[in-house]
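In: Here is the input, now give the coordinates:
(one chain, ligands or ions: 1)
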Amino acid sequence: MDATIDLSTAAQALSLPHIRHQLIRLEDTVLFHLIERAQFPLNATIYHPGAIPIPGSHLSFSDWVLHSTEQLQSQIRRYQSPDEYPFFPDAMQELILPELVYPQVLWQNDVNYNSELKTRYVASVLPGCCAQTGRAERAEAQENYGSAATADVLCLQSLSRRIHFGKFVAESKFRQDTARYVALIQAEDRAGIDEAITDAKVEAKVLERLRVKAEMYGADPGLGEADAPRKIDGEAVVAMYRDHVIPLTKVVEVEYLMQRLRGTEWE
Ligand SMILES: O=C(O)C(=O)C[C@]1(C(=O)O)C=C[C@@H](O)C=C1
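Out: So this is what the prediction gives:
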């Protein structure tokens, strides 16, 4: 599975305007997948291990679908791409396509916040996104279990790509201001690193743009304001980015930087 984002040259992958452009594109991907998911009820049963018996597995139905998807996609090179990280590292299989060689732009690291992302997605993001359309309260729809879990995979994968793109942002910032970051990392000053990577104006712009996109993509242009049901609630989308997506992107940036000096002259 080839990279959906152009990481073909190191210079391209590390240009901050280019990275921010990719983050903006990913907003559309995340939004469209959430709109797909929000048409189904919350279906809480699919997140409880054991609630739906799966032969040979103790996973929840939703996790089992994700695990099985990762098993398949690992064979077609999804996790070769430096912006893709599995939720289930134990699902990884041998490649059936020849290995792809990407330019080595990121420093060696084992930063993976997918587990935390999935917990937040199930506990907060989904209830928020399904709620405003009345779907959180709506009765479970057993016939939609498979569709909901399939949509979850797409939502989680796009959110994961978004937050782990923080590694490219961090590498770019490190190269721009190496001396400052080396000092902060050596002092293990996570709060200081967090402050250094933060650009409040950019964050405000991200949230403002998302509000507009959610308004636009969530409305059906063929229907008038009054009778047009919203496909997604703008507030829920903004809250998801404000409370989870941006904070997790920043944690990825900080933790990546904390590993950035390993094997270098500054260690
Ligand atoms: O664009 C950046 O510089 C980023 O670090 C990404 C991001 C984001 O998640 O959108 C995170 C931290 C910054 O405060 C601004 C934006």
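
In: And for the residue in the stretch 1-150 of the chain positioned nearest to the ligand, the neighbour number?
Out: The ligand sits closest to residue 20 of the stretch 1-150 of the chain, with a gap of 5.1 Å, by Cβ to the nearest ligand atom. The way it works is simple: take the backbone N, C-alpha and C, and place the C-beta from them, glycine included. Number of residues near residue 20 (other Cβ atoms under 10 Å) recorded here: 17.

In: And the pLDDT at it?
Out: Note on residue 20: pLDDT of 95.

In: What residue, apart from its backbone neighbours, is nearest it spatially?
Out: In this structure, residue 20 finds its nearest non-sequential neighbour in residue 202, 7.3 Å apart by Cβ to Cβ, 6 or more residues apart in numbering.

In: The one you found and residue 19 touch, don't they?
Out: No - using Cβ atoms under 8 Å, residue 202 is not in contact with residue 19, being 11.3 Å away.

In: quick revisit: next SSE after the helix or strand containing the residue nearest to residue 20?
Out: Per DSSP states H and E, residue 202 falls inside helix 200-217. Following helix 200-217 in sequence order, the next helix or strand is helix 234-240 (DSSP H and E).

In: related to what we said a few turns ago, name the element the residue of the stretch 1-150 of the chain closest to the ligand belongs to?
Out: helix 16-38.

In: what's the angle between that helix and helix 200-217?
Out: Orientation check (axes from the mean of the first three to the mean of the last three Cα atoms, to 10 degrees): helix 16-38 against helix 200-217 gives 40 degrees.

In: buried residues in the following helix or strand past helix 16-38?
Out: Heading C-terminal from helix 16-38, the first helix or strand you meet, by DSSP H and E, is helix 61-75. Buried residues in helix 61-75, counted by 16 or more other Cβ atoms under 10 Å: 61-70, 73-75.

In: and the two most separated of these?
Out: By the measure Cβ to Cβ, 61 and 75 form the most distant pair in the buried residues of helix 61-75, at 22.4 Å.

In: Confirm for me that residue 122 is in contact with residue 48.
Out: No - look at residue 122 against residue 48 with Cβ under 8 Å: they stay out of range, at 10.1 Å.

In: if we can go back for a sec, pretty sure residue 199 is one of the things the residue of the stretch 1-150 of the chain closest to the ligand touches, is it not?
Out: No - taking contacts as Cβ under 8 Å, residue 20 lies outside contact range of residue 199: 9.8 Å.

In: how far off helix 16-38 does the host helix or strand of residue 171 point, in degrees?
Out: Under the criterion of DSSP H and E, residue 171 resides in helix 166-176. Following the same axes, to 10 degrees, one obtains 170 degrees for the angle between helix 166-176 and helix 16-38.

In: Now do helix 166-176: everything it contacts.
Out: Residues outside helix 166-176 that contact it (Cβ atoms under 8 Å, 6 or more residues apart in numbering): 13-16, 19, 82-83, 105-107, 109, 111, 181, 196-197, 248-254, 256-257, 260.

In: Tell me how many other residues crowd the residue nearest to residue 20.
Out: Residue 202 has 12 neighbouring residues, counting by other Cβ under 10 Å.

In: One more: the one 4 residues further on?
Out: Using other Cβ under 10 Å as the criterion, residue 206 is surrounded by 21 other residues.

In: How about residue 18?
Out: Neighbours around residue 18, by other Cβ under 10 Å: 16.

In: In which helix or strand does the residue lying closest to it once chain neighbours are set aside reside?
Out: Counting by Cβ to Cβ, 6+ apart, residue 18 lies nearest to residue 12, which is 5.7 Å off, once chain neighbours are set aside. In the assignment (DSSP H and E), residue 12 maps to helix 10-13.
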